[in-house]
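Colleague: everything below, folded, please.
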Amino acid sequence: MRAARGARHGKIGGPNPTGRDARPGVGSEGAPVSTPPRSYAPQTPRQVAFLGLGVMGHPMAGHLARAGHQVTVYNRSAGKAAAWIAEHGGAGAPTPAAAARGAEFVFACVGNDDDLRAVTLGESGAFAGMAPGAVFVDHTTASAAVARELHAAARARGLHFLDAPVSGGQAGAAGGQLTVMCGGDAAPFDAMRPLAMNYARAVTLLGDSGAGQLAKMVNQIAIAGLLQALAEALAFGRRAGLDMPRVLEVIGKGAAQSWQMDNRGRTMLEDRFDFGFAVDWMRKDLGLVLDEARRNGAQLPVTALVDQFYAELQAIGGARWDTSSLMRRLRPPPD
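Modeller: Residues are numbered from 1 along each chain as shown. Below is the predicted model of the structure:
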C-alpha cells in the first residue's frame, strides 16, 4: 500500500495573438526563486475567479491581478484568501460558487481529484455560479478521468472545462514562467491562453479533454527516472573517489546534461533538499501515473521502483524534502 500521497457572459472573449501552439519551454519542478519581475502584455481586463491559494495558486492569481484583471478569490482556509487580498486587492468569496458568479474565467489549483470535485460540483461548487459560456481552467495535477468527468459535467451546463496542469514548481509560478499542458476544446483554449500567459512561458493545447493531465504524467515519469539516474551517478562517482563538482562541470557540457544536473547536482552532493517540489507531491503524482498505466497497459518498471524509493524517504521523515532527495538513499553507511 502506498504512503499517503461585472463582465458579460454567454460568449468566449479574448484575443489569441500567437495561435494555439505556444512558445517552447520546459518547466522544472522546484527551480531557484531568482526570476526578475514579470512584465505583462497589454490585454483587455477580465472578470476572473481563482480557487485555491496554495504555494502555486497564490502567485498565479497574483499575476492575473497585476496584469489588470479583476480577481475574486476563494480558499478553503479563509486566512489565505485574506492574505492574498491584502497583498493584491481584489475580492474574496465564501464559496466557489460565489467566487465564480460574474466571472468569464474561473481558474483552480487545488490538491487532488476529490478537492477538485468539491470546488466544482454541488450547490456551492463553481459550476453552480458560472453563467453559460464561462470557462473553467483547472491547474490541479489530477487524473485524466476526473478531467473528462468534469468536462462532461460542464458541457451539460453550457460551460467549458479545460484541464491545464502546470510544470515549473513554486518558483515558476512566482516568476510567471510555468509550462501549461492543456486538454479540451479549441475555442475556450484560445480565449483562455492570453490570461494564462501572464504566469506562463508556454501554454499549449495537446488534445481532447484529459490530454493535459496525461502530458503532465509524461513529465513526471521523465523527472522521476532522471533524478534517480542522477543520484546513482553522483553516488557512484563519490564512491570512486572522483572530484564530483569538477565531474559535473565536465559532463554537464555533454550528452548527460539536464536541467536537474545543472540545478540540483551540486545541492545533491551538499545534502541539501529544500528546493520546493516535495516528495509527498511527487508520490501523489506518481500514484496518478501508475493508476493510468494500469488502465492503458503501459509498462513502467523504473517509475514504479522510484515510487517505492520515494515511499522509503517518506518513512524516514523526508515527506517535505524535495524530489532530488533520492540521493539520501545512496549515502554510505556510517562508520
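Colleague: you'd agree residue 159 is up against residue 130?
Modeller: Yes - under the criterion of Cβ atoms under 8 Å, residue 159 makes contact with residue 130 at 5.4 Å. Backbone N, C-alpha and C define where each C-beta goes, glycine included.
Colleague: shared neighbours of these two, anything?
Modeller: residue 136 (Cβ atoms under 8 Å, 6 or more residues apart in numbering).
Colleague: higher neighbour count, those two?
Modeller: residue 130 (28 against 23; other Cβ atoms under 10 Å).
Colleague: so what's that one up against?
Modeller: Per Cβ under 8 Å, 6+ apart, neighbours of residue 130: 100, 101, 103, 106, 136, 157, 159.
Colleague: do the same with residue 312
Modeller: So residue 312 contacts residue 329 (Cβ under 8 Å, 6+ apart).
Colleague: ok, 10 Å please
Modeller: 3, 279, 318, 326, 328, 329 (Cβ atoms under 10 Å, 6 or more residues apart in numbering).
Colleague: ranking the residues you listed by neighbours, who comes first?
Modeller: Among the contacts of residue 312, residue 326 has the most neighbours (other Cβ under 10 Å), with 28 neighbours.
Colleague: nearest spatial neighbour of residue 332, chain-adjacent residues omitted?
Modeller: residue 239 (7.1 Å; Cβ to Cβ, 6 or more residues apart in numbering).
Colleague: from residue 116, how far out is the one you found?
Modeller: According to Cβ to Cβ, to the nearest Å, residue 239 stands 45 Å off from residue 116.
Colleague: same check on residue 127?
Modeller: 11 Å.
Colleague: what about stretch 201-220, start to end distance?
Modeller: 19 Å (Cα to Cα, to the nearest Å).
Colleague: whoops, stretch 97-105 was the one
Modeller: Taking Cα to Cα as the criterion, the two ends of stretch 97-105 lie 13 Å apart.
Colleague: please state the offset of that stretch from the chain centre?
Modeller: For stretch 97-105, the separation from the chain centroid amounts to 22 Å (computed by Cα atoms, centre = their mean, to the nearest Å).
Colleague: cool, and stretch 152-164?
Modeller: 20 Å.
Colleague: got it, and stretch 71-79?
Modeller: Counting by Cα atoms, centre = their mean, stretch 71-79 comes out at 19 Å from the chain centroid.
Colleague: could you export that stretch as CSV, CA atoms only?
Modeller: What follows is stretch 71-79, C-alpha atoms only, in CSV (Å, rounded to 0.1, in the frame of the first residue of the first chain):
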residue,chain,number,x,y,z
VAL,A,71,-9.9,38.8,-9.5
THR,A,72,-12.2,37.2,-6.9
VAL,A,73,-10.5,34.5,-4.8
TYR,A,74,-11.7,31.6,-2.8
ASN,A,75,-9.7,29.4,-0.5
ARG,A,76,-10.8,26.6,1.9
SER,A,77,-9.0,28.3,4.7
ALA,A,78,-10.2,31.9,4.7
GLY,A,79,-6.9,33.3,6.1
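Colleague: just the mean pLDDT for that stretch, thanks.
Modeller: In this model, stretch 71-79 carries a mean pLDDT of 97.
Colleague: same question, stretch 255-266
Modeller: For stretch 255-266, mean pLDDT is 96.
Colleague: just stretch 107-124 next, same as before
Modeller: 98.
Colleague: neighbours around residue 266, how many?
Modeller: Neighbour tally, residue 266, other Cβ under 10 Å: 15.
Colleague: please read the previous query as pertaining to residue 257.
Modeller: 12.
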